[in-house]
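S.K.: Here is my input; please provide its structure:
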Amino acid sequence: MKVIKELLIAIYALILTSCGSYKLMEPQLTINEPISNYQYVYVKPTSEVNSTRGGTYGNQYGVYGTTYSKSVNPADEIAGQLMKSGYIRIPEVTDEVKDKCIIISYSVSGRRKVDIWGSYTTEVTLQLLSAKTMELIAVVTAEGIGSTETDDIGKAIQRCMEKLISQ
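M.R.: Numbering: from 1, shown residues only. Got it, this is the predicted structure:
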């Protein structure tokens, strides 16, 4: 009986320590030129990312299900953060603005498993180029985690932007 009790305590402790005990890696920023030198941003268009979660339950009267969906457009998330910081989003790069314009590209750059239950983080990388010279201004990478992939991406983008704008 004592062995079973000790085993249950060990399993309980393992469950408690593995639930939500992940630590996100610090955002990484390589910056070649301050983004404050620029006024306009062109964010390359991205496709919407959709996530759906659901479950079923039942009783003697039938089986029921629930689902919900979330979506995020990474380009809109990036542009929104920059607009909030005073940058002007433009629909295309023109000769009039290219001296003061940043071109921003987004990509999912990795995933990392964080617990024994299969939870993972999603890593996002943003690349900033000068519209005039096409030279690299900055690269920022961060990871995020939430209840869906959409949440992961949104949080990773937010962490990238916080790191970038704080410079």
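S.K.: residue ranges for the strands of this structure, please.
M.R.: 28-31, 40-43, 49-59, 62-72, 88-89, 101-113, 120-130, 136-144 (DSSP state E).
S.K.: Format those as a markdown table; extra columns: distance to Gln167 and mean neighbour count.
M.R.: Using the backbone N, CA and C atoms, a C-beta is placed for each residue, glycine as well. Formatted as a markdown table, the strands of the chain follow (distance: least, Cβ to Cβ, whole Å; neighbours: other Cβ atoms under 10 Å):
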| stretch | distance to Gln167 | mean neighbour count |
| --- | --- | --- |
| strand 28-31 | 6 | 14 |
| strand 40-43 | 15 | 22 |
| strand 49-59 | 27 | 11 |
| strand 62-72 | 24 | 11 |
| strand 88-89 | 19 | 14 |
| strand 101-113 | 13 | 17 |
| strand 120-130 | 11 | 20 |
| strand 136-144 | 8 | 21 |
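S.K.: so can I have TSV of those showing mean pLDDT?
M.R.: As requested, the strands of the chain are arranged in TSV below (pLDDT from 0 to 100):
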stretch	mean pLDDT
strand 28-31	96
strand 40-43	97
strand 49-59	74
strand 62-72	77
strand 88-89	96
strand 101-113	92
strand 120-130	94
strand 136-144	96
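S.K.: So for Leu82, which of these sits nearest?
M.R.: Between Leu82 and these, the tightest spacing by Cβ to Cβ is seen for strand 40-43, at 5.1 Å.
S.K.: what's the closest one in contact with?
M.R.: Strand 40-43 is contacted from outside by 75, 78-79, 82, 87-93, 97, 100-104, 106, 131, using Cβ atoms under 8 Å, 6 or more residues apart in numbering.
S.K.: at 10 Å instead, please
M.R.: 35, 74-80, 82-83, 85, 87-94, 96-106, 126, 128-129, 131 (Cβ atoms under 10 Å, 6 or more residues apart in numbering).
S.K.: between the strands of the chain, which one is nearest to Gly154?
M.R.: Nearest of those (Cβ to Cβ): strand 62-72, 5.0 Å.
S.K.: in its sheet, what does the closest one sit against?
M.R.: Strand 62-72 has these partner strands in its sheet, going by DSSP bridges: strand 49-59 (antiparallel).
S.K.: just the angle between the partner strand and strand 101-113, please?
M.R.: 40 degrees (axes from the mean of the first three to the mean of the last three Cα atoms, to 10 degrees).
S.K.: Send me strand 49-59 as CSV with only the CA atoms.
M.R.: The C-alpha atoms that make up strand 49-59 are tabulated as CSV, following Å, rounded to 0.1, in the frame of the first residue of the first chain:
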residue,chain,number,x,y,z
VAL,A,49,-3.8,31.1,-40.3
ASN,A,50,-6.9,29.2,-39.0
SER,A,51,-7.2,26.9,-36.0
THR,A,52,-10.2,24.8,-34.9
ARG,A,53,-10.7,23.1,-31.6
GLY,A,54,-13.5,20.9,-30.6
GLY,A,55,-14.7,18.0,-28.6
THR,A,56,-17.6,15.6,-28.2
TYR,A,57,-19.6,14.5,-25.2
GLY,A,58,-22.7,12.4,-24.8
ASN,A,59,-25.2,10.9,-22.5
